[in-house]
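[1] Sequence first, then the predicted structure, then my questions.
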Amino acid sequence: LISCIIPTFNAAEYLTEAIDSILGQTWRPLEIIIADDGSTDETQAIAARYDNVAQFYTQATAGPAATRNLGLRHAQGDFIAFLDPDDLWHPDKLTRQMAEFQNDPDLSLCITYVSRFWSASLHQEELVYRHHPRNQAIPGYATPALLARYSVFEELGDFNPSLWFSDATEWFLRAKLAGFKLAIITDVLTYHRMHDHNLTRRHSQDSKQEFLQLVKTALAHQRNP
């Protein structure tokens, strides 16, 4: 069983696509958990349309990391995957990742490559960056590209709720330091949507400052382990 967690906050615009992306996976069995961070839009109403296939849990607004942790608390699967509500998966994403685990019993984590795509409202931005060298597909050290054994979270711990932008990066750093074995699928199986309301777009300076502090902390730890 794979527990597929969708962390949401006012995600009504794209939530249906995310749920359908999970339902379109070729892997079974799976469960869908919608973890909501106190949305005030139509998120809960949309989730209710899928109450036969998805569980919905909500909390007072506490940030992205706390929302992922909310989903983890209710997960029943041996494996954990996350899909942000504005992102999408290739239909074979989970099947391809599970094949890696089936071929290597010592494997703890698996990520795929990620590519970006743009919403219609950012058409001009897409024209500028579509063929830009910085827009190449990259390894997805981010939660939507991840499939992990649940036991990793039991041993390593949850996401740091004090971090709003770099919680996934910090978690991956902890996993690396702990020595968990990671596989990378070099095919693009995860798609990150660029739109007007991306969290790092709306809070660009805060995001940069938080990542900078994370890098400083990591470097200090390397010097003084």
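    Happy to help now that I have it. All of these numbers come straight from a predicted model, not from anything done at the bench.
[2] Show me which helix or strand of the protein is least confident by mean pLDDT.
    Across the helices and strands of the chain, mean pLDDT, DSSP states H and E gives its lowest value to helix 199-202, namely a mean of 52.
[3] Please, where are all the strands along this structure?
    In the chain, strands defined by DSSP state E lie at 2-8, 30-36, 54-58, 79-82, 88-89, 109-118, 138-139, 146-149, 182-194, listed in chain order.
[4] Identify the residues contacting the fifth one?
    Applying CB atoms under 8 Å, 6 or more residues apart in numbering, the set of residues contacting strand 88-89 from outside is 17, 18, 21, 22, 24, 25, 83, 144, 189, 190, 191, 193. Using the backbone N, CA and C atoms, a C-beta is placed for each residue, glycine as well.
[5] Sheet partners, orientation included, of it?
    In its sheet, strand 88-89 lies beside strand 182-194 (antiparallel), with partners assigned from DSSP bridges.
[6] Also the first one?
    Paired neighbours of strand 2-8 in the sheet (DSSP bridges): strand 30-36 (parallel), strand 79-82 (parallel).
[7] Pick the most buried one from those.
    Per-stretch averages of neighbours, counted by mean count of other CB atoms under 10 Å, single out strand 79-82 among those, with a mean of 24.
[8] Would you mind writing the CA trace of that one as PDB?
    The C-alpha trace of strand 79-82 is given here as PDB (Å, rounded to 0.1, in the frame of the first residue of the first chain):
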ATOM      1  CA  PHE A  79       5.300   3.500   1.400                       C
ATOM      2  CA  ILE A  80       4.700   7.300   1.400                       C
ATOM      3  CA  ALA A  81       4.300   9.700  -1.500                       C
ATOM      4  CA  PHE A  82       3.400  13.300  -1.600                       C
END
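[9] who are the neighbours in contact with the closest residue to residue 5 other than its chain neighbours?
    Using CB to CB, 6 or more residues apart in numbering and skipping the chain neighbours, the partner closest in space to residue 5 is residue 71 (3.4 Å). By CB under 8 Å, 6+ apart, the residues touching residue 71 are 3, 5, 6, 7, 33, 34, 35, 57, 82.
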